[in-house]
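**Student:** quick one, what's the 3D model for this:
(chains A, B and C)
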Amino acid sequence: MAKTKKFLYVNRKAPYGTIYALESLEVVLIGAAFEQDVALAFVDDGVFQLAKGQNTDGIGVKNFSPTFRALGDYDVQKLFVERESLEERGLSEADLIEVVYEDEDDDWAEKSAIHVVGRAEIADIMADADVVLSF
Amino acid sequence: MSTLHTVNKSPFATQALLSCLNHAKAGDAVLMIEDGVYGGLSGTGMSEIVTEFGKAVTLYILAPDAAARGIGTNRLIDGVEGVDYTGFVELVAKHDRTQSWL
Amino acid sequence: MAYEVNGQTVECDEEGYITNLSEWSKELGEIIAKAEDLEMDDDRWEVVNFLRSYYEEYQIAPAVRVLIKAAKKSMGPEKGNNKYMYELFPYGPAKQACKIAGLPKPTGCV
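**Tutor:** Here you go, the predicted model:
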């Protein structure tokens, strides 16, 4: 089998105003079939994608925020959220939805896939990726 | 004579809201719609400046767009008023012109 | 294309997935299954109902390997495996069962 590559999906757009956020999520779900090392980064307005309490009944658009919670089933276990982006937007980790996965190497213990990290660490994660997909 | 301004971009992504507020006249109304609703959030890097401009213009937010994005009314800057689609139409009718900041 | 249920027409796409998810009923599920040459029984309904509740929670029709993994967790290993699922739905458990369940084509089906 070919060497596993590190894929990083960089999400910088708010949900619903443009199609980028939904398209990114669909590509992540489709790409998950290739069993690569996948991580998602949420920076700038991308952090709004993970906001709790989204209700799209009034705008006639599908609310896709629950789908992020299925990522664990797709073996996507790393969602990095930039702390500075949250703070600039008056948000904290408590305002985000919960995304968990079951850790195969730790007796299937349920763990949070969301990691709030600083800008410098996001930069390192970007520099460490083999493939960066931008949305 | 007054103008209804609509802003549909996030204030963290473009200068649309800032430019709108800088050009709006006292007595105008600014309605934040679509991704523009993030401009109504309190406790952000933009809240102070939006609050300041809110003394001269009336600030509105389109409630269905805010709800879609998980923005509860408790998270809004003081003085920002939520309107539904009917309220949007009433604002358009009430002002002499509508200007979109895209 | 469309299905007929009690004189009512339910639109579907060229592959047989219904267009409007809210038009689904158990009866329609039976009719779609017939069109797929399948007879619905308790075992098939168990999978279809599982898919519907997965969609309800996550707003997504899972890819087949995700379906099997999740089914293993909720229905046990004797049902959550490829052999069992393909016996029930020979043309692919995710594709066929999703169609019967009135869900969109699974995301991540490549």
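**Student:** just give the nearest non-adjacent residue to the closest residue to chain B within chain A, would you?
**Tutor:** Closest contact between chain A and chain B, by Cβ to the nearest Cβ, is at A:Gly58 (2.8 Å). Placement of C-beta: from N, CA and C, glycine included. Here the nearest residue to A:Gly58 in space, its sequence neighbours aside, is B:Pro64; by Cβ to Cβ, 6 or more residues apart in numbering or on different chains that works out to 2.8 Å.
**Student:** just A:Ser112 next, same as before
**Tutor:** A:Val100 (5.8 Å).
**Student:** around chain A, pick out the residues from chain B.
**Tutor:** Contact residues, chain B versus chain A (Cβ under 8 Å from any Cβ of the partner chain): B:8-10, B:12-13, B:34-35, B:38, B:41-45, B:47, B:63-65, B:67-72, B:75, B:84.
**Student:** C:Lys105 contacts C:Glu15, correct?
**Tutor:** Yes. Assessed by Cβ atoms under 8 Å, C:Lys105 is found in contact with C:Glu15 at 7.0 Å.
**Student:** which residues touch A:Ile59?
**Tutor:** By Cβ atoms under 8 Å, 6 or more residues apart in numbering or on different chains, A:Ile59 lies in contact with A:Tyr16, B:Pro64, B:Asp65, B:Ala68.
**Student:** using JSON lines, lay out those residues together with pLDDT.
**Tutor:** Below are the contacts of A:Ile59 laid out as JSON lines (pLDDT from 0 to 100):
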{"residue": "A:Tyr16", "pLDDT": "98"}
{"residue": "B:Pro64", "pLDDT": "98"}
{"residue": "B:Asp65", "pLDDT": "98"}
{"residue": "B:Ala68", "pLDDT": "98"}
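**Student:** among those residues, which lie within helices?
**Tutor:** Among the contacts of A:Ile59, the ones falling in helices (DSSP state H) are B:Pro64, B:Asp65, B:Ala68.
**Student:** can you report how many residues lie near the second one?
**Tutor:** The number of residues packed near B:Asp65 is 25, by other Cβ atoms under 10 Å in any protein chain shown.
**Student:** name the nearest residue to it, sequence neighbours excluded.
**Tutor:** B:Val37 is the one closest to B:Asp65 (Cβ to Cβ, 6+ apart), at 4.8 Å.
**Student:** can you give me the distance of that neighbour to B:Ile61?
**Tutor:** 5 Å (Cβ to Cβ, to the nearest Å).
**Student:** mutual contacts of the two, please.
**Tutor:** In contact with both B:Val37 and B:Ile61: B:Ile71, using Cβ under 8 Å, 6+ apart.
**Student:** next, the buried residues of the longest helix seen in chain A.
**Tutor:** Scanning chain A for the helix with the most residues, using DSSP H, yields helix A:20-31. For helix A:20-31, the neighbour count (16 or more other Cβ atoms under 10 Å in any protein chain shown) marks A:Tyr20, A:Ala21, A:Leu22, A:Ser24, A:Leu25, A:Glu26, A:Val28, A:Leu29, A:Gly31 as buried.
**Student:** and for stretch C:87-99?
**Tutor:** Under 16+ other Cβ under 10 Å, the buried positions of stretch C:87-99 are C:Leu88, C:Phe89, C:Gly92, C:Pro93, C:Ala94, C:Lys95, C:Gln96, C:Ala97, C:Cys98, C:Lys99.
**Student:** show the end-to-end separation of it, please.
**Tutor:** Length of stretch C:87-99, first residue to last, Cα to Cα, to the nearest Å: 16 Å.
**Student:** give me the helices and strands touching the helix or strand of chain C with the lowest mean pLDDT, please.
**Tutor:** Least confident helix or strand of chain C, by mean pLDDT, DSSP states H and E, is helix C:64-75 with a mean of 87. Packing contacts for helix C:64-75, counted by 3 or more Cβ pairs under 8 Å, 6 or more residues apart in numbering or on different chains; DSSP states H and E, involve helix C:42-58, helix C:82-88, helix C:93-100.
**Student:** looking at those, which is closest to C:Ile68?
**Tutor:** Among these, helix C:82-88 comes nearest to C:Ile68, with 6.1 Å by Cβ to Cβ.
**Student:** so what touches that closest one?
**Tutor:** Applying Cβ under 8 Å, 6+ apart, the contact partners of helix C:82-88 are C:Asp43, C:Arg44, C:Val47, C:Val64, C:Leu67, C:Ile68, C:Ala71, C:Glu78, C:Lys79, C:Gly92, C:Pro93, C:Ala97.
**Student:** widest-spaced pair of the residues you listed?
**Tutor:** Most distant of these, by Cβ to Cβ, are C:Glu78 and C:Gly92, 20.2 Å apart.
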